[in-house]
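Asks: Take a look and give me a structure for this.
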Amino acid sequence: MDNRFSLFVKKTPQPLRPIEEGETEETLRADGVSVWDGDVVEMGGMVAVNPKDPADMWYVAKKFFEDSYVPLANLK
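Replies: The predicted model follows:
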């Protein structure tokens, strides 16, 4: 990793919901969800929302989600 980066852990849980059957990049964008141009919207991906600003939503790719997140209930 580039030495300009440091490791951080979020202080708050991240609200996420699963992609639903029939959702596409186009339907997510129409609903105000940010989708990075390199992402492929697929089942297993998630939509994250900023709990302090419900209009701030973004797509989390399936692989990134699987590699980076665990349900809060699993940590207790």
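Asks: tell me how far the ends of stretch 1-21 are from each other?
Replies: 36 Å (C-alpha to C-alpha, to the nearest Å).
Asks: what comes into contact with it?
Replies: 41-49, 51, 59-60, 65, 69, 72 (C-beta atoms under 8 Å, 6 or more residues apart in numbering). From N, CA and C alone the C-beta is placed, and that goes for glycine too.
Asks: what's the neighbour count on the residue nearest to R29 when sequence neighbours are not counted?
Replies: The shortest distance from R29 to any non-neighbouring residue, by C-beta to C-beta, 6 or more residues apart in numbering, is to V35 (6.0 Å). A count of nearby residues for V35, using other C-beta atoms under 10 Å, gives 19.
Asks: before we move on, what about the one 10 residues further on?
Replies: Counted with other C-beta under 10 Å, the neighbours of G45 add up to 22.
Asks: try Y59
Replies: Neighbours of Y59 under the rule other C-beta under 10 Å: 24.
Asks: which helices and strands does the longest strand seen in the chain pack with?
Replies: Counting by DSSP state E, the longest strand found in the chain is strand 53-60. When contacts are defined as 3 or more C-beta pairs under 8 Å, 6 or more residues apart in numbering; DSSP states H and E, strand 53-60 sits against strand 33-34, strand 46-50.
Asks: Dump the longest one to CSV, keeping only the CA atoms.
Replies: Presented in CSV, the C-alpha positions along strand 46-50 are these (Å, rounded to 0.1, in the frame of the first residue of the first chain):
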residue,chain,number,x,y,z
MET,A,46,-25.5,-3.4,-1.5
VAL,A,47,-26.8,0.2,-1.3
ALA,A,48,-25.3,2.2,1.5
VAL,A,49,-26.9,5.3,3.0
ASN,A,50,-25.5,8.1,5.1
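Asks: all numbers from here: first residue = 74
Replies: Sure thing, new numbering starts at 74, so read that last one as strand 119-123.
Asks: And it, what's buried?
Replies: For strand 119-123, burial by neighbour count (16 or more other C-beta atoms under 10 Å) applies to 119-122.
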